[in-house]
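Participant: model the following, please.
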Amino acid sequence: MDETPPPSRPPVVLAGAARDAVLGLSKALSREEVLRRRRRRLLQLYSLYRAQYWALADELPAKHGEYWWEHGASPVLPEEQPPGLPPPPPSPAQDNSAGVGVLVNNGGGAEDVENIGFNAAAPSSAGARAGCAASNCEAKAMPLSQYCFDHILFDCKQQLYQPCSLVTKRSGAPDGEATCGKPALRGITPLRCSNHNPKSHKLIIEALQNAGIDLPLTCAKVHLICER
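Facilitator: Got it, this is the predicted structure:
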């Protein structure tokens with residue numbers, strides 16, 4: 001069944017179109033009038049591009065969730081063994097033993113993940129999404145990986161995520177600091193996950209509620225409030 005095309009949008013009306021229509025009968029315009037017209041149209045074009053940018057930014061989470069749902073099948077599947085060859089030894093990522101992930105402090109504030117053992121990813125048919133290779137995890141694996149987002153740090157080949165470095169608990173011991181450890185993008189400074197990022201919508205909504213402004217968590221225009 002074909003999807004109905006979206007309704008066409010009305011054409012954009014130029015700012016000051018009535019005044020431009022009057023001046024259109026003139027044979028010549030002053031330099032001041034030309035500069036005013038150019039500035040007015042430049043500001044209108046800037047506002048249109050800005051509105052389009054934030055519309056795409058508000059639509060990005062929904063598109064990301066749709067992509068994850070449709071194309072979440074991991075292409076990293078066990079290859080078929082040619083006949084007549086002995087089976088290869090199981091790797092730690094394909095071992096059926098219980099998986100344990102240990103966070104090891106590297107002395108720089110952040111922590112690295114040390115793999116001890118994981119369950120093999122559940123085999124899937126063509127086009128189906130593979131399950132996460134971590135033990136006792138029923139989530140689907142991320143694209144190009146054998147692990148879901150919560151366990152993506154167990155993948156030694158990935159280079160996009162690092163553990164969140166927010167200190168959640170302190171003690172008197174020298175190495176008594178416990179960090180969050182959830183996946184966070186490497187490009188974020190300071191290194192914070194989505195729950196602890198000070199720029200996240202959740203923290204902004206909580207700050208607004210503490211100030212007496214009650215807004216839903218999915219407010220589409222929250223960026224306008226942040227800008228002001």
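
Participant: and this structure, what are its domain boundaries?
Facilitator: For the chain, automatic domain parsing gives the domain ranges 34-70, 91-194, 198-228.

Participant: list the buried residues of the helix ranked longest in the chain.
Facilitator: Longest helix of the chain, by residue count under DSSP state H: helix 31-70. Residues residue 37 are the ones in helix 31-70 that count as buried (16 or more other Cβ atoms under 10 Å). C-beta: built from backbone N, CA, C; applies to glycine.

Participant: confidence-wise, which of the domains of the chain is weakest overall?
Facilitator: Sorting the domains of the chain by mean pLDDT places domain 198-228 lowest, at a mean of 63.

Participant: buried residues in the helix or strand hosting residue 18, which are they?
Facilitator: Secondary structure assignment for residue 18, by DSSP states H and E: helix 17-23. When burial is assessed from 16+ other Cβ under 10 Å, helix 17-23 yields no buried residues.

Participant: name the residues that touch it?
Facilitator: 14, 29, 33, 37 (Cβ atoms under 8 Å, 6 or more residues apart in numbering).

Participant: grab the nearest non-local neighbour of the second one.
Facilitator: To tie it back to what came earlier, the one meant is residue 29. residue 23 (6.3 Å; Cβ to Cβ, 6 or more residues apart in numbering).

Participant: any idea how far the one you found is from residue 50?
Facilitator: 27 Å (Cβ to Cβ, to the nearest Å).

Participant: cool, residue 31 as well?
Facilitator: 28 Å.

Participant: pLDDT value on residue 23, please?
Facilitator: 78.

Participant: how much space between it and residue 33?
Facilitator: Relative to residue 33, and taking Cβ to Cβ, residue 23 is found at 7 Å.

Participant: repeat that for residue 205.
Facilitator: 47 Å.

Participant: now swap in residue 143 and tell me
Facilitator: Separation of residue 143 from residue 33 (Cβ to Cβ): 56 Å.

Participant: now swap in residue 5 and tell me
Facilitator: From residue 5 across to residue 33, the span is 41 Å (Cβ to Cβ).
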